[in-house]
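A.B. asks: Task: produce atomic coordinates for the following.
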Amino acid sequence: MARSPSFCGVILAAGESTRMGRDKALLPWPPAPASQFQPTANIADLGRVAAPAETQTFLSAAIELLNPFTELILVVAGKNRDAIAPVVYATSAALVENRHPERGQFSSLQVGLQEVLNHGRDSAIVTLVDRPPCAHETLRSLSLAFHDANEEGKWAVVPEFEGKHGHPIIVGREMIEAFLRAPAASTARDVEHSVQAHIRYVPVTDPWVVANVDTPEEYERLQRP
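C.D. replies: Next up, the predicted model:
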């Protein structure tokens, strides 16, 4: 299938971050030094200490990563819409609301991908806000691999680090439609496994593609050499 020449970026940021205790989209990136936090601070206080002006957040860093590769970036929000809206609009991205974030991450993926089609795009770079942004060269490699994979009839490319599959993923219209056709109770992994023959897995040397950050302890470990 011939594709439009540009990608649409999709950042899934609707999670409630219950284990982190604060919105992971707004965590400082690079991580704020542990010394900036009060020793007696509880989980809800983590990351509220002002970071240096040059420090971004997970969300703004993800937008910055996608900018050179996309013409439009959609950030899927949930109940945190008002909290993350200033970051989204300050970086010229667009905000999309998942009105039922309690249905899980797959529902946000479907909301975001439907908006990709609504905006007339048929290829998207999809990433999660709860992990450090991958290296620029990693995304460039995935982008080039996607264009090659299209010639081979593949629908998507997925990075692979030490045998683990991660994000960002790049999907074409066929993969977008496969996600949108799937039942609401599905997971992205379920759908990927059902069409595995149409996916190219691209080995990378970038550990960030598989680095989920769900708890304060995992966030703290990112600061260690």
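A.B. asks: Partner strands of whichever strand or helix holds Ala124 and their direction?
C.D. replies: According to DSSP states H and E, Ala124 maps onto strand 123-128. Sheet pairing of strand 123-128 (DSSP bridges) gives strand 7-12 (parallel), strand 169-172 (antiparallel).
A.B. asks: okay, it in PDB with CA atoms only?
C.D. replies: Once non-C-alpha atoms are left out, strand 123-128 reads as follows in PDB (Å, rounded to 0.1, in the frame of the first residue of the first chain):
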ATOM      1  CA  SER A 123       1.400   6.000   9.400                       C
ATOM      2  CA  ALA A 124       2.200   6.800  13.000                       C
ATOM      3  CA  ILE A 125       5.000   6.700  15.500                       C
ATOM      4  CA  VAL A 126       3.500   5.500  18.800                       C
ATOM      5  CA  THR A 127       5.300   5.800  22.100                       C
ATOM      6  CA  LEU A 128       4.500   5.700  25.800                       C
END
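A.B. asks: and for that strand, what are the contacting residues?
C.D. replies: Strand 123-128 is contacted by residues 3-4, 6-12, 62, 65-66, 69-70, 105, 109, 112-113, 116, 133, 139, 142-143, 146, 167-173, 176, 212 when judged by C-beta atoms under 8 Å, 6 or more residues apart in numbering. Every C-beta, even on glycine, is put in place using the N, C-alpha and C of the backbone.
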